[in-house]
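Engineer: the sequence and its predicted three-dimensional model are supplied below.
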Amino acid sequence: MNVNLAYGPGHLGVELPDDRTTVISPHDQSGLPDERQAVLSALDHPIGCRPLKDWVKPTDRVGIAFTDSTRATPNERIIPWLLERLSDVRPENVTLLNQVGTHRSNTPAELERMLTPAVVQRYRVLNHEPQNPDALIQLGTTHDGTPALFNRHLVGANVRIITGFIEPHFFAGFSGGPKGIVPGCAGLQTVMSNHGARNIGHPRATFGVTDGNPLWEELRELAHRIGPSFLLNVTLNQRRQITGVFAGDLIEAHRAGCDFVRRSAMQPVEVPFDIVVTSNSGAPLDLNLYQGVKGLSAGARVVKDGGLLILACECREGIPPGSPFERLLQSASSPDELMKRLPQTGPALAEQWQAQILALIQQKVEVRVHSRLRAGVVKACHLAACPDIGAAVTERLRQSGPKAQVAVLPQGPLTIPYVG
């Protein structure tokens, strides 16, 4: 059979044996027939709080946080519709804040593509600056005494609106909700504290789990410190069509969206597989290897110990080069040595969480990567390049015997398999 893996802006065709391959995809959800009306209706009939129009006066300072270029949120659609509902507010009173978290800032051209040129020209649009003290304000401390730092513009707004989309997340349970504030608009120190080894290594810090997940529960508590926030989150299908709109209270609306995603994305399998092939959901999530750890985490849930896990992740932006993630991977000679170097208590090193999760996967299975990265770059990250996925699968099946089986996640972490 030929399976199309989501890869970059398109697909990567891979030929796999029909009789030994199981394809695991999310339940297909139809796009809403009128996305704009669904968003406007959700703003007027929110979950767990007053309609948005009752939150806002024309003279209010409004802060709107939106997801960055590594996320599939259809900002170019939902942000103009949201601003339509805020038309009584003077444009100079509205600040659009890019939730970069610990990622790079987006360029003016990228912001225009993400938000539309009309929005960028009419409103103030800023990249969050997680390492700029002048852009941050402290509101107490985290669980380990680290300053809890938040974007000054978001804290200072009279009305805060947090936008984004909900999908399973490999250590926070689900994206969206309070993640739009922390890590989206938090200081780097605060993110590193929350993403420390203790929280990342907790058994409930995984896909689909929020309650009882210490990392997510701290995100929730920190997000509430800036005051009430109105949530506008959407869910998407693989065609980037909106399948659901969840607006209202930061936690209640998010919980409703998580329940919706859980029903469509979580897929049980009876036994683990000898080989798992996964994508990273294509662009924009597969821009770099840092993001690719999400796809690996999804596939690792159903691969046998000692099995083969193959990731198709375009990585057109590299590791990214010069990132803390790249420096961490290249600072050790093996995943085992890396795990020994990572701080186990207190704040994490920058992007330690991604390196820790990747190392834990590598300690369990063999990992190969099909990407645009040079083979030497892949090797420096203690991974093996996989130029031909079909050939690699065929060879491993030959080695493993006639009973060996393959699983494929064409949409990567949009589908979360589990053994049960």
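Structural biologist: That came through fine.
Engineer: confirm Val233 sits in a strand?
Structural biologist: Quick fix: residue 233 reads Asn, not Val. Yes. Assessed with DSSP: H, G, I helix; E, B strand; the rest coil, Asn233 lies in a strand.
Engineer: so where's the stretch 251-400 of the chain shaky on pLDDT?
Structural biologist: Scanning the stretch 251-400 of the chain with the threshold set as pLDDT under 70 gives 346-347.
Engineer: send the alpha carbons of the helix or strand hosting Gly140 over as CSV?
Structural biologist: If you go by DSSP states H and E, Gly140 is part of strand 136-141. C-alpha atoms of strand 136-141 as CSV (Å, rounded to 0.1, in the frame of the first residue of the first chain):
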residue,chain,number,x,y,z
LEU,A,136,8.2,41.3,31.7
ILE,A,137,6.5,41.8,35.0
GLN,A,138,6.8,39.4,38.1
LEU,A,139,3.7,38.0,39.8
GLY,A,140,5.0,35.8,42.6
THR,A,141,7.1,32.7,42.1
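Engineer: name every strand pairing with it and say which way it goes.
Structural biologist: Neighbouring strands of strand 136-141 in its sheet, by DSSP bridges, are strand 147-151 (antiparallel).
Engineer: Asn238 and Gln411 touch, don't they?
Structural biologist: No Asn there; residue 238 is Gln. Yes. Here Gln238 reaches Gln411: they are 5.3 Å apart, a contact under Cβ atoms under 8 Å. The C-beta positions use only the backbone N, C-alpha and C, and glycine is treated the same way.
Engineer: higher neighbour count, the two?
Structural biologist: Gln411 (23 against 17; other Cβ atoms under 10 Å).
Engineer: residues touching that one, list them.
Structural biologist: 6, 25-26, 238, 279, 281-282 (Cβ atoms under 8 Å, 6 or more residues apart in numbering).
Engineer: longest strand in this protein, by residue count?
Structural biologist: Counting by DSSP state E, the longest strand found in the chain is strand 303-312.
Engineer: pull the distance from whichever helix or strand comes after it to the chain's centre.
Structural biologist: Using DSSP H and E, the helix or strand that directly follows strand 303-312 along the chain is helix 324-330. Here the centre of helix 324-330 is set off from its chain's centre by 19 Å, with Cα atoms, centre = their mean, to the nearest Å.
Engineer: same check, this time on stretch 210-226
Structural biologist: Put simply, stretch 210-226 sits 16 Å off its chain's centre (Cα atoms, centre = their mean).
Engineer: from the contacts of Gln411, which is closest to Pro133?
Structural biologist: Closest approach between these and Pro133, by Cβ to Cβ: Ser281, at 34.9 Å.
Engineer: that closest one: neighbour count?
Structural biologist: Neighbour count of Ser281, defined by other Cβ under 10 Å: 27.
Engineer: go on, the one 10 residues further on?
Structural biologist: For Gln291, the count of nearby residues is 23 (other Cβ under 10 Å).
Engineer: what helix or strand does it sit in?
Structural biologist: Assigned by DSSP H and E, Gln291 falls in helix 289-300.
Engineer: tell me what that helix is packed against?
Structural biologist: Here helix 289-300 touches strand 273-279, strand 303-312, helix 352-364, strand 366-370, strand 406-409, strand 416-419, going by 3 or more Cβ pairs under 8 Å, 6 or more residues apart in numbering; DSSP states H and E.
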